[in-house]
Structure formats: C-alpha cells, structure tokens
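*Asks:* everything below, folded, please.
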Amino acid sequence: MMEFVTAGFRNFSEFARWKSSCLLHSFLKICLDRVEAARRLKTKGLSDTYLREYQRFVIWVIKNNRMPDPMQRPFRFTTRDNVDKYYIHDFTKREFGTQNSRSRVHQAIQRFWDSVESSFFKDFDTLSPLMDGEAKKFRVKDSEAVEASVIEQQRYYDSIKEDKFGGTDPFKGLKADLLTSTEKMKVMTYILNDRPDWKDIGCSFNWGCNAGLRGDSTRSLCFKDLYISHGFAPGQGRNLTAILRKDDQKSDFTTDRLVGVLRHRHYLLCASFMTSMNVIRILQLRSNEVHFKRPNKKSPAEFWQIPFVDFTKLADEENAMREIYVKTGVESCKVTHHRTHCVMHASTEGLQQYQVSTLTKHMNDKLTKSYWAEMERRSMTVMAGFDMDEAYNVLRTQIGLPLLYI
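*Replies:* Residues are numbered from 1 along each chain as shown. Got it, this is the predicted structure:
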C-alpha cells in the first residue's frame, strides 16, 4: 500500500484508473500516428468522416480492455472478435436513420484496416508489418454478428424515432425541391461579396453543382489535376477538366477519371470562371507573376502541387455553407453534398443514367469503365444551363485574347 501513497495515490483503485488513462493516451497516440503516416503517403480514402468512425471504434476497444499487446506483432485493433463485439454492444444503440449512415461504419473500419492496420509504414517502428494474404482478405461486414446487429439497429431506431424525432420538421432533408438557378446565383453572389474564403467555397459549390464533384474530391485536387481537354465541347472545342486521381479519392477507382465542365451561360454559376479567378489569384500572391512555365521537362513544375482549395476538412466547408444558407435564406436538402443538386438537375432535364454517370462516375460494366468517353457533350451542355434541345451558345466564349506585339 505504501508504494501507492508515496507515489501520490490514495489506493490501488486510483492507481489503476491513472494507469488506464495512460494506456488510453498511449494507444490513441499509436492509432493517430498510424493515421498520420497513411495520410503522409496520401493513402486513398482516409476522410475525416471515416477517421471519426475509426477513432470511435478504437476508443471502444481500449475502454473495454480489448487492446492488443504492444509487445506483440502484428499490433492491431481490428480483429474479427473486436468488430463483432463492437457491433453488438455499440452499433446497435446508435441513431442511424439511413442505410448510408449504417454503411459508413463498416466502410470506415474496412478502409483503415486496408490502408493502415494491415499495411507497413517504414517510418514508424510501432506499426504492424504487412499481413499475409489471408489477413488482407479480412472483410468487416462478412459476419453473422454484424448482419444481425444491422437489423437490430434498425429496430432500435424505429422504436425511438417517433418519440425523439417526431417533433422535428417532417420535410427536413427531403429532396422535394430543386435548387433553382436564381437561388444558386443568390448563393454565389453572397459568397463573392461577403466570404473571405470565396475562392474555396465558390469553386466547391460550382464544381459540385455543374459536374457532380464531391467535396472530398475538390479538397484533394492540386493544379496538376486541372487540364484543358480537346474535342468534347460543342464544335469539338476545348473545355476545362478535373482529373480524379485514383489514389486520392474516396471511391474505389481502378484508374484515373475525368470530369469536365463547359462555360456556364450565367458567369456566377460557371466553374471555369471560378477556377480561373482562383488560379490567377493564387499564382499572383505566390510570385506576383502568372505563368505555367516548366523549364526542366524532367522535373515537376513548381505549381503542380499547389492545392486547388485551402479547405482540408469537411467541417470547414460545412460551417461556411450553413452560414451562407442562413444569410441568403436559401433552403437546401444538402449542406455540402452539392453533387445532389447536379444529379437532380440533370435527371429533371431528361438526361439518361448513362449520361449522368459521366458526371458522377457510377460506372459498373467494363464498357463504361474501360472504353466509354469520360465526358459527354449533351450532359455538359445541360449542366451549363441549357435545355436538352437547345444549342450551346455563350457569347463571352467568342471573345478572343488580345494580340501582343513585341
């Protein structure tokens, strides 16, 4: 007993609680070190949403004394037994009302298993070595306990939703209203006049509404991911293209994908316009000179790695958009998932699923994945503010650059 008293602890229980808190801190540090290592290597799909879900799982493992032995290898939190017990005791009491929310849990744990726990990062000695082939095949949702827990969670939600959510707005979140061009211009007018982060939120909003680009994809773009394509625009002209690198996206892309936009008939809603202003501003601020020179063709250009937007977290964009909707009085069924507005507008105007999929990249068969054109002219025309049977005509695109005589 004296050793606890002299160490400043009144009894063994107090010492045990202190030791437990130290272990919690130690294990969480190892967990976060792994995540940071994966992010440094630009591991695919480690979004903030997935990170929060994974952290919740790790904390549950630690608090329930199911931690791995740090002296043994492989060191990992994700085991079949841990996942099953987590679903049975924690997942079943969560208030998920949609299938997407339920799926996010197993997707997050799976992503961190694939990208972090079963991988080896040479800069971190505490991390687990590469697993064998069987361990790499581990699938979170392939379990009767997980399947039963999903059903039980649905029952739990159904039992509480009337009492807990019955007094809320019954129309909240319904995709019953289409965001009109007038409302979008109202949003963009406020962004350009009143937001200090106008370039970030403006680019994200217009690329999302015009091309179905999700916020996570916008935040992962660098200048090297912007390209001027030839032949896809009306008259086989040029159009601005964003390159979705397979290693930087949440989606399980097997190859890099392209998504393009035409100049919008309303300049406020034009993703090309916002992108141009953004790029010129950033280059001017960095060197007071706007150029795209690459003197050494064997080395990357200096501007390639410049981030397209400064947002790094979903919360940054989410807080901005909430304020914008409040200030403008515009009501949206989504806060930051602007691709919803894109798909709703495209399908309302009469575009077919295969045309819309060139925007969202929901491609399932080999023909569309491997051979289909990445951009579809009619889809981009409709998303530029024109009707299905209307010819594309934006007068400002006919203004040529002045000729400089030296």
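*Asks:* the residue nearest the centre of the chain sits in which helix or strand?
*Replies:* The centroid of the chain falls nearest to Asp216 when counting by C-alpha atoms, centre = their mean (2.6 Å). In the assignment (DSSP states H and E), Asp216 maps to helix 215-220.
*Asks:* tell me what that helix is packed against?
*Replies:* If you count contacts as 3 or more C-beta pairs under 8 Å, 6 or more residues apart in numbering; DSSP states H and E, helix 215-220 packs onto helix 198-211, helix 314-328. (Each C-beta comes from the backbone N, C-alpha and C, glycine too.)
*Asks:* possible to save those as CSV with mean pLDDT, distance to Asp389 and mean neighbour count?
*Replies:* CSV is the format used below for the helices and strands packed on helix 215-220 (pLDDT from 0 to 100; distance: least, C-beta to C-beta, whole Å; neighbours: other C-beta atoms under 10 Å):
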stretch, mean pLDDT, distance to Asp389, mean neighbour count
helix 198-211, 91, 20, 25
helix 314-328, 89, 32, 16
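*Asks:* between those helices, which one is closest to Gly400.
*Replies:* helix 198-211 (24.2 Å; C-beta to C-beta).
*Asks:* what is that closest one packed up against?
*Replies:* helix 181-194, helix 215-220, strand 257-261, helix 271-287, helix 314-328, helix 339-348, helix 377-383.
*Asks:* run the last query once more with 7 Å
*Replies:* Packed against helix 198-211 by the contact rule (3 or more C-beta pairs under 7 Å, 6 or more residues apart in numbering; DSSP states H and E) you find helix 181-194, helix 215-220, strand 257-261, helix 271-287, helix 314-328, helix 339-348.
*Asks:* and the longest one, what's buried?
*Replies:* Neighbour counts over helix 271-287 (16 or more other C-beta atoms under 10 Å) mark 271-275, 278-279, 282-283 as buried.
*Asks:* which one of the helices and strands packed on helix 215-220 lies closest to Val150?
*Replies:* Among the helices and strands packed on helix 215-220, helix 314-328 sits nearest to Val150 (C-beta to C-beta), with 24.6 Å.
*Asks:* what does that closest one contact?
*Replies:* For helix 314-328, the surrounding residues in contact (C-beta atoms under 7 Å, 6 or more residues apart in numbering) are 48-49, 186-187, 190-191, 195, 197, 201, 204, 215, 311, 331-332, 335-336.
*Asks:* shaky segments in the chain?
*Replies:* Applying pLDDT under 70 to the chain flags the ranges 1-46, 68-75, 119-136, 164-174, 176, 247-253, 363-371, 401-406.
*Asks:* domains for it, by residue range?
*Replies:* 2-165, 181-391 (automatic domain parsing).
*Asks:* buried deepest among these, which one?
*Replies:* domain 181-391 (a mean of 17; mean count of other C-beta atoms under 10 Å).
*Asks:* span of it from start to end?
*Replies:* 19 Å (C-alpha to C-alpha, to the nearest Å).
*Asks:* could you do stretch 281-301 as well?
*Replies:* End-to-end for stretch 281-301, by C-alpha to C-alpha: 18 Å.
*Asks:* how distant is that stretch from the center of its chain?
*Replies:* Counting by C-alpha atoms, centre = their mean, to the nearest Å, stretch 281-301 is centred 28 Å from the centre of its parent chain.
*Asks:* run through who's touching that stretch.
*Replies:* Counting by C-beta under 7 Å, 6+ apart, 199, 280, 303, 306 sit against stretch 281-301.
*Asks:* make JSON lines from those and add distance to Arg139 to it.
*Replies:* Output for those, formatted as JSON lines (distance: C-beta to C-beta, whole Å):
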{"residue": "Lys199", "distance to Arg139": "41"}
{"residue": "Ile280", "distance to Arg139": "47"}
{"residue": "Phe303", "distance to Arg139": "41"}
{"residue": "Ile306", "distance to Arg139": "38"}
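*Asks:* quick revisit: okay if I get the helices and strands packed on helix 198-211 as TSV plus distance to Asn65?
*Replies:* Putting these into TSV (distance: least, C-beta to C-beta, whole Å) gives the following:
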stretch	distance to Asn65
helix 181-194	50
helix 215-220	35
strand 257-261	44
helix 271-287	50
helix 314-328	32
helix 339-348	42
